[in-house]
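In: Need coordinates for the following:
(one chain, ligands or ions: 3)
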Amino acid sequence: MSPTISSSLCTVAALSGRPGRRAGQPGGSKRAVAQPLAAAAVTEAPPAVIAPPPRPVVGAPRRRGGRGVDGGADELVAWKSIRQERWEGALEVEGKLPAWLDGTYLRNGPGLWDLGDYGFRHLFDGYATLVRVSFRDGHAVGAHRQIESEAYKAARRHGKVCYREFSEVPKPDSFKSFVGQLASLLSGNSLTDNSNTGVVRLGDGRVLCLTETVKGSIVVDPDTLDTVSKFEYEDKLGGLIHSAHPIVTDTEFWTLIPDLIRPGYVVARMDAGSNERQFVGRVDCRGGPAPGWVHSFPVTENYVVVPEMPLRYCAANLLRAEPTPLYKFQWHLESGSYMHVMCKASGKIVASVEVPPFVTFHFINAYEEKDEEGRVTAIIADCCEHNADTSILDNLRLHNLRAFTGEDVLTDARVGRFRIPLDGSPFGELEAALDPEEHGRGMDMCSINPAHLGKEYRYAYACGARRPCNFPNTLTKIDLVEKTAKNWYEEGAVPSEPYFVARPGALEEDDGVAISMVSAKDGSGYALVLDAKTFKEIARAKFPYGLPYGLHCCWVPRDK
Ligand SMILES: CC1=C[C@H](O/C=C(C)\C=C\C2=C(C)CCCC2(C)C)OC1=O
Ligand SMILES: CC(/C=C/C=O)=C\C=C\O
Ligand SMILES: [Fe+2]
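Out: Ligands and ions are numbered 1, 2, ... in the order given. Got it, this is the predicted structure:
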């Protein structure tokens, strides 16, 4: 069996919706520090002071669909485009930052949703904005910068969308260019490299920004936020898309590569310091006609868990110029939902069970359940589960995010806990790990103490909800043993993923801080530092302007 997933045109079958043949079943920088600017300056009118000199703002973005095109101070800027390519400066700290907090918090996300007069439609379409907050000796320096992907540079050069984003498709100027576009879609050339989703620190110290496309893997400098280079995978595995969230440890990197031709997933691993993914094994889908979307997946110490959800990639939708209600996906309830478990060492599938339908972007963690003799009896895998309701994708349209009227429209979510038996039973379980009311029935953008990756754990940090709302608006610390949550809330604010950073030498799982970037109701923004134990604020480092919402984060300790 070839481990290679072609990244060129044999993918016609997959992309044109022709069902593929199904194989057998389961088987120290030099920057000047700028003075703080007036509130909301960088998200609003470009200010005069900036270091280093900016390049022109992309197409002088106007906020189509935003409230008050150029007004901004005094109102939330979470869903408004960043107006300046970069900024850096000392942040004013309120409270007391822990002296041990020594390193850089990085956050990636789509921060620019306008090109000239044209406004993007979906949160996930925006061009990537990296945010940095470096902590040392109780002080904080902040910065942001656009990632210089080919997609971003081309958009800036031509003033229009040039690559296929999550929901945006370049408009063909003529039939000829449409044909050309079709060909380049099939070869992957027209897919975006706008790495607006995750940011990870690899075991060898390189910092990588990621998205759903393989070509959207970009190395950045965590200090200057410079775009360093494309991350080239030096192997023959191919694949145009992968899980936007690899599992990264100090020694390795695990990824899933969906195979749209012969529906399935390739599981691959890469050693720290290498650019070569190695084929570990393959999971054939049990449902069809295409693999389920794998934005993320969990691992345990010995196993990789491969989810197959009924929200499946859809080749026909990929070809459409206008977004469909489910974008590049389709809901195939009839084809079932499955969880597969692969042994990391052998690549063999040790369980493949049918589970109740589910919709998730993010797995939280997984671990092995053992009996008294220490034998592994089941895999427990937790995720942020949107009650098997795909309307969460619609919730994240910018129009909806910008139009909060006080109505409670956010889809309910819970900590979905899968139990996957390893005794050959055909079914797995999926239940809420705690009463979702504990976190306001909002649940996404999670982190854990990384020392518990793949192991039993007690605490998860995430965004939750205080109803009514149209987007997760709290930070929540979930205690999976007590089945309770502690919540942080500030009226009108939009906090992003709370990222757990352990105190050096910590022995307890929640000894550390949770860091989040908050877009406040008055147009300002700050990095919030919560004591992870009490979930109370210890300090906030205030940006002199409000930043757009962002997605995922990582921590780069200073001495690494
Ligand atoms: C966040 C976030 C960003 C994001 O998606 C971005 C892209 C470019 C997705 C592209 C695609 C798919 C999701 C499906 C298959 C086709 C393709 C166009 C590559 O998703 C997020 O969650
Ligand atoms: C921001 C998000 C979901 C929020 C819903 O509650 C998902 C991001 C995916 O990467
Ligand atoms: Fe994500």
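
In: any idea how far ligand 1 is from the residue most central in space within the chain?
Out: For the chain, the residue nearest the mean C-alpha position is T197 (4.2 Å; Cα atoms, centre = their mean). Here the criterion is Cβ to the nearest ligand atom, to the nearest Å. By it, T197 lies 4 Å from ligand 1. Placement of C-beta: from N, CA and C, glycine included.

In: ditto for L123
Out: Taking Cβ to the nearest ligand atom as the criterion, L123 is separated from ligand 1 by 7 Å.

In: Spit out the contact partners of that residue.
Out: If you count contacts by Cβ atoms under 8 Å, 6 or more residues apart in numbering, L123 has them with W79, P110, W113, L396, R397, L398, L401, Y549.

In: If we use 7 Å, what do you get?
Out: Contacts for L123 were tallied using Cβ atoms under 7 Å, 6 or more residues apart in numbering; they are P110, L396, L398, L401.

In: Count the neighbours of the last one for me.
Out: Just to be clear, that refers to L401. Under the neighbour criterion other Cβ atoms under 10 Å, L401 is assigned a count of 19.

In: Which pLDDT does the model give it?
Out: The predicted structure scores L401 at 97 on the pLDDT scale.

In: nearest residue to it other than its sequence neighbours?
Out: Beyond its immediate neighbours in the sequence, the residue positioned closest to L401 (Cβ to Cβ, 6 or more residues apart in numbering) is W79, lying 4.7 Å away.

In: Per-residue pLDDT of the one you found, please?
Out: Residue-level confidence at W79 comes out at 98, pLDDT.

In: That one contacts H399, doesn't it?
Out: No - at 9.5 Å, W79 and H399 do not qualify as touching, with contact defined as Cβ atoms under 7 Å.

In: So the two - more neighbours on which side?
Out: Taking W79 and H399 together and counting by other Cβ under 10 Å, W79 has the greater number of neighbours (24 against 13).

In: State the three-state secondary structure for that one.
Out: Using DSSP: H, G, I helix; E, B strand; the rest coil as the criterion, the local structure at W79 reads coil.

In: what pLDDT, on average, does the helix or strand encompassing L186 get?
Out: When secondary structure is defined by DSSP states H and E, L186 falls within helix 175-187. For helix 175-187, the per-residue pLDDT values average out at 68.

In: next SSE after it?
Out: Once helix 175-187 ends, the next helix or strand along the chain (criterion: DSSP H and E) is strand 198-201.

In: Quick one: mean pLDDT over that next one.
Out: Throughout strand 198-201, pLDDT has a mean value of 98.

In: Report the contact partners of the residue nearest to L401.
Out: Remark: with contacts taken as Cβ under 7 Å, 6+ apart, W79 is in contact with G66, L398, L401, R402, P548, Y549.

In: one more time with 6 Å, if that's ok
Out: With contact taken as Cβ atoms under 6 Å, 6 or more residues apart in numbering, W79 is in contact with L398, L401, R402.

In: Where does the second one sit: helix, strand or coil?
Out: Meaning L401. helix.

In: Spell out which residues of the chain are next to ligand 1.
Out: The chain has residues 124, 164-166, 191-192, 196-197, 211-213, 241, 244, 295, 313, 318, 328, 361, 551 near ligand 1, with proximity defined as Cβ under 6 Å from any ligand atom.

In: let's see it at 5 Å
Out: The interface of the chain toward ligand 1, taken as Cβ under 5 Å from any ligand atom, is made up of F124, F166, T192, T197, T211, E212, T213, I241, K328.

In: Any of the residues you listed buried? List them.
Out: Under a neighbour-count criterion of 16 or more other Cβ atoms under 10 Å, the subset of the residues of the chain next to ligand 1 counted as buried comprises F124, F166, T192, T197, T211, E212, T213, I241, K328.

In: possible to save those residues as TSV with secondary structure?
Out: Written out in TSV, the entries for those read as follows (three-state DSSP):
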residue	secondary structure
F124	helix
F166	coil
T192	coil
T197	coil
T211	coil
E212	coil
T213	strand
I241	strand
K328	coil
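
In: Just name the closest of these to ligand 2, please.
Out: T197 (5.8 Å; Cβ to the nearest ligand atom).

In: ok, now which ones touch the closest one?
Out: Here T197 is in contact with L210, T211, A244, L551 (criterion: Cβ under 6 Å, 6+ apart).

In: Same question for D102.
Out: R136, R558.

In: Apply 8 Å and report the result again.
Out: When contacts are counted by Cβ under 8 Å, 6+ apart, D102 touches F135, R136, D137, P557, R558, D559.

In: Highest neighbour count among these?
Out: Most surrounded of the contacts of D102: other Cβ under 10 Å gives F135, at 28 neighbours.

In: How about it, nearest residue that isn't a chain neighbour?
Out: Computed as Cβ to Cβ, 6+ apart, the closest residue to F135 that is not its neighbour in sequence is L101, at 4.4 Å.

In: Hmm, R83 and D114 touching each other?
Out: No - counting by Cβ atoms under 8 Å, D114 does not reach R83; the two are 9.5 Å apart.

In: Does the closest residue to ligand 2 within the stretch 451-560 of the chain belong to a helix, a strand or coil?
Out: For the stretch 451-560 of the chain, the residue positioned closest to ligand 2 under Cβ to the nearest ligand atom is P472, at a distance of 4.7 Å. For P472, the secondary-structure state derived from three-state DSSP is coil.

In: Find the nearest non-adjacent residue to it, please.
Out: Going by Cβ to Cβ, 6+ apart, P472 has C463 as its nearest residue, at 3.6 Å.

In: what number of residues lie near the one you found?
Out: Counted with other Cβ under 10 Å, residues neighbouring C463 total 25.

In: Same question for L453.
Out: 18.

In: Near ligand 2, which residues of the stretch 401-550 of the chain are found?
Out: Counting by Cβ under 5 Å from any ligand atom, the residues of the stretch 401-550 of the chain lying close to ligand 2 are D444, P472.

In: residue in the stretch 401-550 of the chain nearest to ligand 2?
Out: Proximity to ligand 2, evaluated over the stretch 401-550 of the chain using Cβ to the nearest ligand atom, is greatest for D444 at 3.7 Å.

In: That residue reaches A465, doesn't it?
Out: No - with the criterion set as Cβ under 8 Å, D444 and A465 do not qualify as a contacting pair; they are 9.6 Å apart.
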